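Novice: Take a look and give me a structure for this.
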Amino acid sequence: MKDAELALSFFKFAYEFQKQKKFNDAIKYYKKTIELNPNIIESYLNLGHILCMKKQYKESIECYKKVIAIKPDLYVAYSQLGYNYFKIKEFEKARLYLQKALLNRQYHLGLEIIVDLLIKCLKILDININIIISWLQIASYLKTIYIKPDLYEAYINIADNLYQINEIEKADEFKQKALKINYIPKNLTNNKIINSQKENQTRINKKNHIKKKNSKNFINNCIDNKDNQDNHYLQYKDKKKPDFMIIGCPRCASTALYEYMIRHPQILPTAIKEINYFNNTNFDECLDLYLAYYPSISGNYIIGESSVEYLYDIEISKRIVKFFPNIKLIIIIREPVERAFSDYKHICKIHNIKQNFLDFIEDEALGKNNFKIIQKGLYVSYLKNWMKIFPNEQFLIIRSEDFFERRDFTLNRIFKFLEISDHKFNFKSFHPKPHNSFSDNIRIKLSDFYRPYNKMLENLIGKYLYYN
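Specialist: So this is what the prediction gives:
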């Protein structure tokens, strides 16, 4: 058998072992594949992924470097390199690879992980707030154009932020993309368009001058320039404020809900769905970083985020009302027993916990774990506290069951609440993944426990929930 044929056979063996989670065998056969044929790019990708899962980060890095050597434009390798370097605390290398991954991402799935790691790197490296804000703004506009690719202003704003951080070639690339969009926003007057084009051309004309600056000196100067840092904040304090927040609840289809909502023509997405700014233990009352997560596009657009743990902390409501007293608050709930079981499955997967549902909730009751999956279904206990801070008319409570069973009706109910137009969606529906069930005895006991709380919630919001 020729080496190429044998390599292909080894690759198939490796892939099957990988699917069966027999990772040591998969590693063995991927390495055999590479020995016989070092040009099968999938071998390095899959081997790098397994080594990363096994926390063999340095070996994983070598695999992804081979990927880039074979295919320099396969930018998934850059994001994986950034992640691996972050895990071994080589933050400068992580930053460089994550920046490249972000600027060349072709779709928004996976963008949030890149943005989150990049911002962590920049903060660890003590990079000036101006640069962090620029990268957040770039990410927010990238997310916007993935979903709404004809927004001329988004490309212009990406380019403007890239110029500010000395990414000249990429800035020019996005400027050219803007010019190729034969689209003029109705709200922009001819004078504004002409002025914008003149300003852009001026920047391009200065390109050679800026290129002469050493990139390291540029960043160092920015770090030392305190006045420059303060001026950037002055620009952001007058930025458009969020119109809505989804403040709860986890494992209730909030991700699917937000994904649908940001596809409404009048809703723009945040750089990442769950910013979690207001439940940060190091909460900063200066909102420049927070508002940088939002795109700033002129016109009849609204913006909002979805941080579904907000509901469970009354201090968060006090922080939010201080800055956004008129914000509209959306809460999506789910039958609490089903929510708890879904949370249990999710936690077990993330933390590799091998424990049945009954033992898990008994440990929670005894204080042996702090996941609070039962407590988080006591919606009324938290909502009544928020309703002491915000008026009732600023809340909309929806059931995830209604969202899945009557999707368009539920979404248009939300859009009416947000005072924007109705919209009909034509793409594939999101549905919760089916999971293994649990005993009727546990279900009955939990349902009995939740029943009085469900009743109190119905009385509070004046709506029958069908959960009893």
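Novice: where does this protein have low pLDDT?
Specialist: Scanning the chain for pLDDT under 70 picks out the ranges 1, 106-109, 182-238, 282, 427-436.
Novice: for it, what's the longest helix?
Specialist: Ranked by residue count, the top helix of the chain under DSSP state H comes out as helix 440-461.
Novice: which residues sit against that one?
Specialist: Defining contact as CB atoms under 8 Å, 6 or more residues apart in numbering, one finds that helix 440-461 is touched by 336-337, 340, 357-358, 361, 374, 377-381, 383-384, 387, 395, 397, 464-465, 467-468. (Each C-beta comes from the backbone N, C-alpha and C, glycine too.)
Novice: Mind checking which of these are buried?
Specialist: When the contacts of helix 440-461 are checked for burial by 16 or more other CB atoms under 10 Å, the buried set is 336-337, 340, 357, 361, 374, 377-380, 383, 387, 395, 397, 465, 467.
Novice: From the residues you listed, pick the one nearest Leu151.
Specialist: Phe395 (30.5 Å; CB to CB).
Novice: gap between the closest one and Glu305?
Specialist: Noted for Phe395: a distance of 16 Å to Glu305, by CB to CB, to the nearest Å.
Novice: Out of the buried ones among the contacts of helix 440-461, which is nearest to Ile133?
Specialist: The closest of these, once distances to Ile133 are taken by CB to CB, is Phe395, at 31.3 Å.
Novice: Checking my notes, Ala101 in a helix, right?
Specialist: Yes: membership of Ala101 in a helix is supported by DSSP: H, G, I helix; E, B strand; the rest coil.
Novice: Go ahead and confirm it touches Asp73.
Specialist: No: counting by CB atoms under 8 Å, Asp73 is not a contact partner of Ala101; they are 11.7 Å apart.
Novice: how about the strands of the stretch 201-350 of the chain, start to end?
Specialist: 244-248, 267-268, 302-306, 328-333 (DSSP state E, counting those that start in this stretch).
Novice: what packs against the shortest one?
Specialist: In terms of contacts (3 or more CB pairs under 8 Å, 6 or more residues apart in numbering; DSSP states H and E), strand 267-268 is packed against strand 302-306.
Novice: got the contact list for the strand it packs on?
Specialist: Strand 302-306 has contacts (CB under 8 Å, 6+ apart) with 240, 242-246, 254-255, 257-258, 261, 266-268, 270, 273-275, 293-295, 328, 418, 420.
Novice: switch the cut-off to 7 Å
Specialist: For strand 302-306, the external contacting residues (CB atoms under 7 Å, 6 or more residues apart in numbering) are 240, 242-246, 254, 258, 266-268, 270, 273-275, 294, 418, 420.
Novice: Mark which of these are part of helices, please.
Specialist: Counted as lying in helices by DSSP H, out of these, are 254, 258.
Novice: Give me the buried subset of the contacts of strand 302-306.
Specialist: Neighbour-count burial (16+ other CB under 10 Å) applied to the contacts of strand 302-306 gives 242-246, 254, 258, 266-268, 270, 273-275, 294, 418, 420.
Novice: does Asp363 really touch Asn369, like I thought?
Specialist: Yes: at 5.0 Å, Asp363 counts as touching Asn369 under the criterion of CB atoms under 7 Å.
Novice: between those two, who's got more neighbours?
Specialist: Asn369 (17 against 14; other CB atoms under 10 Å).
Novice: quick one, phi/psi of that one?
Specialist: The phi and psi values for Asn369, taken as degrees, to the nearest 10, are phi -140, psi 160.
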